[in-house]
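could you look at this predicted model? Sequence included:
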Amino acid sequence: MEVQSVSDVANWVKEVFTQERGLQDLWIEGEVAGCKIAASGHCYLTLKDDRAVINAVMFRTALSRIRFQMQDGMVVLAHGRLEFYGDRGQTQLILDAAQPSGVGALYLAFEQLKTRLEAEGLFAAHLKRPLPFMPRRVAVVTSEGGAALRDVIKVIRRRCATVGILVAHAPVQGVISPAKLILSLQRAASRPEVDVVLLVRGGGSLEDLAAFNDEALARAIRACPVPVVTGIGHQTDVTIADFAADLRAATPSQAAELAVPSLVDLRRHLLQLRHRLDGSLPEFGRQRQILVELRERLDGAVGREAATKRERLEAAAARLHRQSPALQLPLMRQRIDDRMERLDAALKVGLDRARADLRASRGQLEALSPLRVLGRGYSIARTVDGKVVTSVRGLRQGQRLVTLFADGRVVGELVSVEEQPVPAGVEVEDD
Amino acid sequence: MTEAQEPIEKLTYEGALGELETLIRRLETGSIDLADSIASYERGVALAAHCSGLLEATEKKVQRLVLGGRGEAVEVPVEGEDEA
């Protein structure tokens, strides 16, 4: 029997491997384990399945050509040759190419498509259209049997039952899904009164969501005549359709919430505004109070010997009053009452309180206008014989004028009389 | 009123609500004179009624888009989906 040295046997094995052409050009699929990159830049790993393990190495140059990060647990489809490495008595694969297989390949395709469409500008922020405040109808493109559709209908019905819903069925997974989704999207969006389209699907694996990572679907979304809201999968799922959509919701239910306002919230807000509107009128009551106080002060200040002057003042006030917008009130009030009745019918809420407020303030309104003016820092100028001065015309230098303020009066001589318009902004309000 | 006033019945809910809010703010600050404040109040009441009317529109049904015999889109009511 011939005795062989270890090296001879090692070389023999190596030779056998080299001559076995299948082993020199093989595709192998397996899970990466023990992956580490040495200081040299080479990547050492093992490929395994549930029954076997093979050592492998990917040298630096080959490693630099692959488009993903080699990681433990990843299933890869690799190409290379098998050699016997005598130094360590090991067989090992010399890998020259690899790509993630299964989910990994989908992910890679997703990333590539996303990068390309993004570069093309399909996802640009300026393309995103705002949603209508209150759509007349919402089209829902999804699978008719899916939980996503039930969720969307439930949410829309709860928030705003006055919004119509148009369901456009399309399978949400499988090879034909993208084409069907596009068809349903186009048909639904062109129906009358459809102001927004929801493109939704329940959760699933990355493979399940693949239909929504379709380039043609992304383009159909951008070409859609009305805004598209996507709600695909769960919170963490993001698809190409999501990037292309005008608005991306995390889930189907959230898509429905974004698309329709809540009637309850709207009614509550409206009611608050009605209260504020009604509350803005009793302002007049406060002004009447000011009027009464001013009159009392006038009585005290002017005194008995000025009784005639006071009469003139009151005559002036009466004259002012005749020019007052308050005189238009009865007409205004009648029109308000008309509207109030219509409002009653529409709102179905009692507006008795508002109407009572209005009646109560009717009397107050009659008297308030001149004093509102005085209280704000305006003053009334009169000639010495009690005529209210409304124009500089007819006034002359040296003439005496009596000027009434909220808290008294002054008598002065005119230094000069110039006719010119009052500049805008002079009538500054002080509340 | 200084701004051009659109007929209320032509305003959208959003538009009417926005005008109502602006108008109430002006009334509350008292920065407009009496005649204007009456007119503003009156318009405010009408705006609120208009908004309210829009919210009271009749409830809409769920429709399904299907294909007719010649491949044309047809809408049919969805039965039993009301409580969905």
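Everything's here; your move.

what are the boundaries of the helices in chain B?
Ranges of helices within chain B are B:13-29, B:34-55, based on DSSP state H.

most tightly surrounded among these?
helix B:34-55 (a mean of 21; mean count of other C-beta atoms under 10 Å in any protein chain shown). Backbone N, C-alpha and C define where each C-beta goes, glycine included.

export that one as PDB, just CAs?
Coordinates of each C-alpha in helix B:34-55 appear next as PDB, following Å, rounded to 0.1, in the frame of the first residue of the first chain:
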ATOM      1  CA  LEU B  34     -72.500 100.800  14.800                       C
ATOM      2  CA  ALA B  35     -74.100 100.500  11.400                       C
ATOM      3  CA  ASP B  36     -71.400  98.100  10.300                       C
ATOM      4  CA  SER B  37     -71.700  96.100  13.400                       C
ATOM      5  CA  ILE B  38     -75.400  95.600  12.800                       C
ATOM      6  CA  ALA B  39     -74.800  94.600   9.200                       C
ATOM      7  CA  SER B  40     -71.900  92.300  10.300                       C
ATOM      8  CA  TYR B  41     -74.100  90.600  12.900                       C
ATOM      9  CA  GLU B  42     -76.800  90.100  10.400                       C
ATOM     10  CA  ARG B  43     -74.400  88.600   7.900                       C
ATOM     11  CA  GLY B  44     -72.900  86.500  10.700                       C
ATOM     12  CA  VAL B  45     -76.300  85.000  11.500                       C
ATOM     13  CA  ALA B  46     -76.800  84.200   7.800                       C
ATOM     14  CA  LEU B  47     -73.300  82.700   7.500                       C
ATOM     15  CA  ALA B  48     -73.900  80.500  10.500                       C
ATOM     16  CA  ALA B  49     -77.300  79.300   9.100                       C
ATOM     17  CA  HIS B  50     -75.600  78.500   5.800                       C
ATOM     18  CA  CYS B  51     -72.900  76.500   7.500                       C
ATOM     19  CA  SER B  52     -75.500  74.700   9.600                       C
ATOM     20  CA  GLY B  53     -77.500  73.800   6.500                       C
ATOM     21  CA  LEU B  54     -74.500  72.300   4.800                       C
ATOM     22  CA  LEU B  55     -73.900  70.100   7.800                       C
END
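
give the contact list for residue A:193.
Counting by C-beta atoms under 8 Å, 6 or more residues apart in numbering or on different chains, residue A:193 touches A:136, A:137, A:164.

hey, which helix or strand in chain A has the poorest pLDDT?
helix A:352-375 (a mean of 55; mean pLDDT, DSSP states H and E).

just to revisit the earlier point, which of the contacts of residue A:193 fall within strands?
A:137, A:164 (DSSP state E).

filter the contacts of residue A:193 down to the buried ones.
A:137, A:164 (16 or more other C-beta atoms under 10 Å in any protein chain shown).

of the contacts of residue A:193, closest to chain B?
residue A:164 (3.6 Å; C-beta to the nearest C-beta).

I'd like to know how many residues surround residue A:116.
11 (other C-beta atoms under 10 Å in any protein chain shown).

what do you get for residue A:18?
14.

and what of residue B:65?
Using other C-beta under 10 Å: residue B:65 sits among 20 other residues.

which residues does the nearest residue to it once chain neighbours are set aside bridge with?
Sequence neighbours aside, residue A:168 is the residue nearest to residue B:65 in space, at 4.3 Å (criterion: C-beta to C-beta, 6 or more residues apart in numbering or on different chains). Beta-bridge partners recorded for residue A:168 (DSSP bridges): residue A:141, residue B:65.

tell me the first helix or strand C-terminal of the least confident helix or strand of chain A.
Using DSSP states H and E, the helix or strand that directly follows helix A:352-375 along the chain is strand A:380-383.

what is that following strand packed up against?
helix A:307-322, helix A:352-375, strand A:400-405 (3 or more C-beta pairs under 8 Å, 6 or more residues apart in numbering or on different chains; DSSP states H and E).

is it correct that residue A:411 falls within a strand?
Yes. Assigned with DSSP: H, G, I helix; E, B strand; the rest coil, residue A:411 falls within a strand.

got a list of what it touches?
Listed by C-beta under 8 Å, 6+ apart, the contact set of residue A:411 reads A:384, A:400, A:401, A:402, A:403.

redo that, cut-off 6 Å
By C-beta atoms under 6 Å, 6 or more residues apart in numbering or on different chains, residue A:411 lies in contact with residue A:402.

how about residue A:154?
Counting by C-beta under 6 Å, 6+ apart, residue A:154 has no contacts.

also residue B:22?
Contacts of residue B:22 (C-beta under 6 Å, 6+ apart): none.

roughly how far apart are it and residue B:16?
11 Å (C-beta to C-beta, to the nearest Å).

save the helices of chain B as CSV, and put in mean pLDDT too.
Below are those laid out as CSV (pLDDT from 0 to 100):
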stretch, mean pLDDT
helix B:13-29, 85
helix B:34-55, 81
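
now render these as a markdown table, adding distance to residue A:185.
Shown next, in a markdown table, are the helices of chain B (distance: least, C-beta to C-beta, whole Å):
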| stretch | distance to residue A:185 |
| --- | --- |
| helix B:13-29 | 26 |
| helix B:34-55 | 28 |
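
closest one to residue A:417 among these?
Checking the helices of chain B against residue A:417 by C-beta to C-beta gives helix B:34-55 as the closest, at 29.8 Å.

what angle do the closest one and helix B:13-29 make?
On the basis of axes from the mean of the first three to the mean of the last three C-alpha atoms, to 10 degrees, helix B:34-55 is oriented at 150 degrees to helix B:13-29.
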